[in-house]
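In: Have a look at this prediction, sequence included:
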Amino acid sequence: MLGFVAAGMGIALLPNSIRRFRRDGVVYRSVEPSTAEIVLAIAWRITNPCPTLEQFLQVVRDTANM
């Protein structure tokens with residue numbers, strides 16, 4: 001995305017954490033209000049037997065109040 005912006009091929013809406021990636025020709029500006037909500041999704045292979053996956057999903061559920 002930043003490559004397209006640096007090449008003059010548009011703009012991008014990105015998380016604030018991307019600011020740490022410096023790129024010549026790219027300027028970052030905050031979007032106000034900063035209380036905007038972003039809807040995210042999570043996907044995983046249903047047949048994944050990894051116990052770490054279930055622990056991660058539980059953290060996501062707890063964090064997202066699911």
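Out: Right, received. Where do you want to start?

In: Tell me which residue lies nearest the centroid of this structure.
Out: By Cα atoms, centre = their mean, the mean C-alpha position of the chain lies nearest to P15, the distance being 5.8 Å.

In: distance of that one from N65?
Out: Going from P15 to N65 by Cβ to Cβ, to the nearest Å gives 21 Å. Bear in mind the C-beta positions are built from the backbone N, C-alpha and C, glycine included.

In: what ranges of this structure fall below the confidence cut-off?
Out: Low-confidence segments of the chain, defined by pLDDT under 70, are located at 34, 36, 66.

In: How far off centre is the lengthiest helix in the chain?
Out: Counting residues, the longest helix found in the chain (DSSP state H) is helix 51-63. Its chain's average C-alpha position is 18 Å from that of helix 51-63, according to Cα atoms, centre = their mean, to the nearest Å.

In: neighbours around R29, how many?
Out: For R29, the neighbour count with other Cβ atoms under 10 Å is 7.

In: Specify the local secondary structure of it.
Out: coil (DSSP: H, G, I helix; E, B strand; the rest coil).

In: how near is it to L2?
Out: Counting by Cβ to Cβ, the gap from R29 to L2 is 14 Å.

In: And P33, by the same measure?
Out: In this view, P33 and L2 are 24 Å apart by Cβ to Cβ.

In: what about those two, which has more around it?
Out: Taking other Cβ under 10 Å, P33 and L2 do not tie; L2 has more neighbours (15 against 6).

In: Quick one: residues contacting the more buried one.
Out: By Cβ atoms under 8 Å, 6 or more residues apart in numbering, the residues touching L2 are A12, I18, F21, R23, V26.

In: give me the number of residues near the closest residue to the first one other than its chain neighbours?
Out: When you say that, I think you mean A12. The shortest distance from A12 to any non-neighbouring residue, by Cβ to Cβ, 6 or more residues apart in numbering, is to M1 (4.5 Å). Using other Cβ under 10 Å, M1 has 13 neighbouring residues.

In: likewise A6?
Out: Residues contacting A6 under the criterion other Cβ under 10 Å number 12.
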